[in-house]
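1. Okay, here's the prediction I keep looking at, along with the sequence it came from:
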Amino acid sequence: MIKTDLQKWLQENNIEGKIEHPTISKFGDYAIRTGRSVENLTENEIVEKTEFMAGFTNIWLKDNVLTDEAKNILNGKYIEELKEANKGKKMMVEFAHPNTHKELHIGHMRTLITGEALARLFEATGATAFRANYQGDIGPHVAKAIWGVQKMLKQDNQTIVDWEVKANSQKAHFLGKAYALGCTDYEADNKAEIDEINQKLYRKDADIMDIYQITRKWSLGYYNDFYARFYTTYDKLFFESEITEDGKRIVENNIGKLFEKGDEGAIIFDGEKYGLHKRVFITGAGTVTYEGKEMGLAYAQKAQFEYDKNIHVVGNEQVGYFKVVLKAMSLLDPWFEGRQYHLPMGMVTFADRKMSSRTGDIVTVDSILDETTNAILPLLKNEEVDKKEAAEVITIGAVKFSVLKSDPTQNTIFDVKKSVDLNGNSGPYLQYTYARCQSVIEKSQKLDSRNEKLENWDVEELGLLRYFYQFGEKVIEAAEKFNPAILAEFLLNFARKYNEFYAKCRIIGEPEEEKRMFLTQVTAKILKDGLNILGIKTVEKM
């Protein structure tokens, strides 16, 4: 990779400075903040010229170097170079986390999309990625949903068996309504009864386990449908119900070492000793809190996959929580020190809607996908296209890219119209650009796989050529910073550059056809591979 070779050469020649890309392309391919002019840079065989300006040494690469890098992309050689970045590393990505007995909402969708993109970025850069999902399948929310289910079945004179034959989405919506009803009744006059259901769940009482297991299965089936639509396959699903007792045992075995008795018999971790805050790990009534369960989860995940880093893709409202539990975890076992990372996800909102699962006012993922598909169908003009199949691929691309184009730690607003804009900042715009490239390639008669006569680039051709070598660098940077938006932004700018080139330069039948076809082929390769790394498929025609 060009940047790697250049960095190595600078080190060998004792030249210090961070290599960056100039914000304005006319100032070269790279810039180094050297504070002084570095005259001997042109001794490097890949450097055409340099220029010192305002503390930076700007570097222009030789055309043949840019051409060779483009060839490496087209023939796939760059893939092996990419894999050197994280070769041998083991990365766990824990993401999505939908609680059973609730519907999948847009917050879960963002973590699902981001987590999958991170896993693919790690894999693209040579790491082994392990996809994990930690789900709450026990607790007050489940008790409220079961209460609601029992009440609704009784009102409609139905049994749980009557619902078994229905589609997963119907059963999930039914559970969503049941949960909202349970929340309402809990705040009214039925707190004691619902709390009793919760205790029965923990005791695994026979009179509640059948309806619990059936409705839990409904939720997991519903979630699996969406995992498949979003091209995610998990290596392991972890559940609260399976790690609760281990968490309790671990905390109790470390009283006096790490944990201590607090008010009213609660067992706490005194985070104030470490500049954090105190948190309860087991209540005075003996109930294991989320914090206590986290200790059990830590060892369960370690046993499943001895990772170098575990990325917890969880909302930013849990920042304080994670600071405490990760500190407790590292003190409990030094192995965890430095291996845990909380990626604090920003919220997703709508300009014209509000959400609350407690009241049933949520925007479900399937409703978002349906809206997006309805917006896409009128855009599919090509009669040769299977509209249903294409609409599904473009829908997922639109929704995924609308999430991935923003820094994952920042709040974002989902807008259906903007997500499908073929002229703008969207996934379909990238898919359309790829389809445009494929159309040009299909028409051309000059597809010389050897590409031996690629020289004498004109200004427009060179402007596009100078984008190609940055692709691999952006993939590595996005993986290093746990930020898929870095790659998404590059692909957008790159697609705009190709479309500007396409508007200015005729390709088919021109003397430059072979060169311009080469540029088009490389563009298509980058778009396809780049989108795939983000978890987005392409279509050949639109």
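-> Nice, thanks for sending it over.

2. make it CA atoms for all contacts and neighbour counts henceforth
-> Noted.

3. tell me the phi and psi of residue 382?
-> phi -70, psi 120 (degrees, to the nearest 10).

4. Apart from its neighbours in sequence, what residue is nearest it?
-> Distances taken as Cα to Cα, 6 or more residues apart in numbering put residue 542 closest to residue 382, at 5.7 Å, once the chain neighbours are dropped.

5. ok, the one you found touching residue 433?
-> No - Residue 542 is not in contact with residue 433 according to Cα atoms under 8 Å; the separation is 9.8 Å.

6. How about residues contacting stretch 500-510?
-> With contact meaning Cα atoms under 8 Å, 6 or more residues apart in numbering, stretch 500-510 is reached by 440, 443, 444, 460, 461, 464, 513, 516, 517.

7. same deal with stretch 106-121?
-> 91-98, 129-131, 230, 232, 313-314, 345, 347-348, 363-365, 400, 403-404, 408, 475-476, 478-479, 482-484, 533-535.

8. Just those residues: which are in strands?
-> Cross-referencing the contacts of stretch 106-121 against strands under DSSP state E gives 91, 92, 93, 94, 129, 130, 131, 313, 314, 345, 348.

9. for those, which one is nearest residue 158?
-> Residue 158 has its nearest neighbour among the ones in strands among the contacts of stretch 106-121 in residue 348, at 37.0 Å by Cα to Cα.

10. low-scoring stretches of the chain, by residue?
-> By pLDDT under 70, the low-scoring segments of the chain are 351-362, 446-452.

11. Spell out for me which residue occupies the centre of it.
-> Taking Cα atoms, centre = their mean, the centroid of the chain lies closest to residue 114, which sits 1.3 Å from it.

12. mind checking how far that one is from residue 121?
-> For residue 114, the distance to residue 121 equals 10 Å [Cα to Cα, to the nearest Å].

13. Likewise for residue 278?
-> Per Cα to Cα, residue 278 is found 36 Å from residue 121.

14. So if I had to pick from those two, which one is more boxed in?
-> residue 121 (29 against 15; other Cα atoms under 10 Å).

15. Find the helix or strand that residue 58 is a member of.
-> Element membership for residue 58 (DSSP states H and E) is strand 56-61.

16. chain center to that strand, what's the gap?
-> Mean-position distance between strand 56-61 and its chain equals 34 Å (Cα atoms, centre = their mean, to the nearest Å).

17. In the next helix or strand after that strand, which residues are buried?
-> For strand 56-61, the following helix or strand on the C-terminal side (DSSP H and E) is helix 63-74. Within helix 63-74, the residues that count as buried by 16 or more other Cα atoms under 10 Å are 63, 65, 66, 67, 69, 70, 71, 72, 73, 74.

18. which residues does the closest residue to residue 309 other than its chain neighbours contact?
-> Leaving aside its chain neighbours, residue 309 sits nearest to residue 339 (4.4 Å; criterion: Cα to Cα, 6+ apart). Taking Cα under 8 Å, 6+ apart, we find residue 339 in contact with 307, 308, 309, 310.

19. Angles on the backbone of residue 339, please.
-> Dihedral pair for residue 339: phi -100, psi -10, per degrees, to the nearest 10.

20. ok, it to residue 326 distance?
-> 10 Å.

21. swap in residue 347?
-> With Cα to Cα as the criterion, residue 347 and residue 326 are 22 Å apart.

22. need the longest helix for the chain.
-> helix 206-229 (DSSP state H).

23. hmm, who's touching that helix?
-> Here helix 206-229 has contacts from 100-104, 137, 146, 160, 168-169, 171-172, 175, 197, 200-201, 233, 396, using Cα under 8 Å, 6+ apart.

24. switch to 6 Å and redo it
-> 100, 101, 168 (Cα atoms under 6 Å, 6 or more residues apart in numbering).

25. Can you tell me the closest non-neighbouring residue to the last one?
-> To tie it back to what came earlier, the one meant is residue 168. Nearest to residue 168 is residue 222, by Cα to Cα, 6+ apart, at 5.0 Å.

26. burial count for the one you found?
-> For residue 222, using other Cα under 10 Å, the count is 21.

27. and the longest helix of the chain, which residues are buried?
-> By neighbour count with 16+ other Cα under 10 Å, helix 206-229 contains the buried residues 208, 211-212, 215-216, 218-223, 226-227.

28. Show me how far it is from its chain's centre.
-> Here helix 206-229 shows a centroid-to-chain-centroid distance of 25 Å under the convention Cα atoms, centre = their mean.
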